[in-house]
Structure formats: C-alpha cells, structure tokens
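Asks: Need coordinates for the below:
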Amino acid sequence: VRGCMFPVSRKQAMTSLRMQHLAPELKKMQEKFKEDKQGMAAAQMELYRKNGVNPFGTCWLLLLQMPIFMGLYYSLQESIHFRLQGVSSWWIPNLSAPDMLLWWTESIPFLSQPSSYGYFYYLGPYLNILPILAVSLMLVQQKWTMPPPTDETQEQQQKMMKYMMMFMALMFYKVASGLCIYFIFS
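Replies: Residues are numbered from 1 along each chain as shown. Reported below is the predicted structural model:
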C-alpha cells in the first residue's frame, strides 16, 4: 500500500518544500501589503503561479490518501486474514493487535488498571514499542523538514505540532501493529 501511495506522498512533500522556499518572499509581501488584503492575495497567487505551486495541492493529496488510510485501518482491525498473522511468535504475533512487547503490570493507576478500561488514557498492561517508534520517527521527520521559525506565530505552530504528536502517540498506542508498521515505513 505504501509503495502505491509513494507518488502521491512524494508530490505532497515536494509541494511542501516549494512552499517553504517561498516563505521568505511571502514574509516580504506581508510587510509590503500590510493594509491591502486584496493586493496581498493577488500578489501571493501570482507568486504561486510563477513558481508552479498550488497552495491547495497538499490538502487535496492528503484527502486523496485518507480513504486508503481508513481502509487500511479497518482492514487491519476487522479482517480475519490478519488475525494471528505476525512477524514472529515473541513480538508482533498478531498484525491486527498492538505489538505488546513487554508486560509492565496491571497496577499502574489510570494507565493499566482494569477498572480504567475503556477510558482514553487507559494504555493496557503491555508496553507497545511500535507506536513509540512511529511517533518518534514522525518527530524526527518534522524536525528535518520544518524550517526554523522566523516569527512568533511559526514558533507557536511548531510547538502545537509537537503537542499534536504526543496526542498521536496516545491514539496510536492502541491501534493494530500493522498500522504502526505502515506509518514507520511512511
């Protein structure tokens, strides 16, 4: 699935890089057209057209990938073909369940107590390595691809993205190991 989606994700990444290269020019335009919103929009669209960048291109590509991601998610959760099919007998024995590498206990308050089962913060009695690895790689990728912030707004946006990654870690912690493997290879 990832191999089939590579051309789409590559195009999305290239568009993002081109947008990053245009950021200094956009900053100059914002200073130049401080009071003139229409002039700013026209100059911005001209800059995008001149450099062959579609500002909505990354959104459309992301929306194109969403049904495939959702299909992969549901197929890993519901398909009987993936149950008890795994990488090895001691780690990831089941692609449709979390990897459950290490039993850590059922006595950690809120996180692993059976009375907390069903709550958002319940992680279960096992340590799952794949979600931690997937989110760590996402953070590394974000650090490599994001330019350094030039103003306070960009700095706040980058901090927000880091906090979103922590939220993603909680969401990924309970998903199928096959889905985490997909994101690791992404």
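Asks: any low-confidence regions in the protein?
Replies: Low-confidence regions of the chain, defined here as pLDDT under 70, cover residues 57-58, 79-87, 147, 150-151.
Asks: can you pull out the helices in it?
Replies: Secondary structure of the chain, counting by DSSP state H: helices at 2-32, 37-50, 57-78, 129-145, 152-172, 177-185.
Asks: Touching the fourth one from outside, list them.
Replies: Pointing back at helix 129-145 there. For helix 129-145, the surrounding residues in contact (Cβ atoms under 8 Å, 6 or more residues apart in numbering) are 13, 16-17, 20, 92, 98-99, 101-102, 161-162, 165-166, 168-169, 172-173, 175, 177, 180-181, 183-184. All C-beta atoms are positioned from the backbone trio N, CA, C, and that covers glycine.
Asks: Spatially central residue in this protein, please.
Replies: M138 (6.4 Å; Cα atoms, centre = their mean).
Asks: ok, that residue to Y122 distance?
Replies: In this structure, M138 lies at 23 Å from Y122, with Cβ to Cβ, to the nearest Å as the measure.
Asks: that older thread, closest one to Y117 among the helices of the chain?
Replies: Ranking those by their distance to Y117 (criterion: Cβ to Cβ) puts helix 152-172 first, at 15.3 Å.
Asks: Report all helices and strands that that closest one contacts.
Replies: Contact analysis of helix 152-172 by 3 or more Cβ pairs under 8 Å, 6 or more residues apart in numbering; DSSP states H and E lists helix 129-145, helix 177-185 as its packing neighbours.
Asks: Can you give me every residue that contacts the closest residue to A134 other than its chain neighbours?
Replies: What sits nearest to A134 in space, not counting adjacent residues and going by Cβ to Cβ, 6 or more residues apart in numbering, is F183, at 4.4 Å. Listed by Cβ under 8 Å, 6+ apart, the contact set of F183 reads A134, L137, M138, F172.
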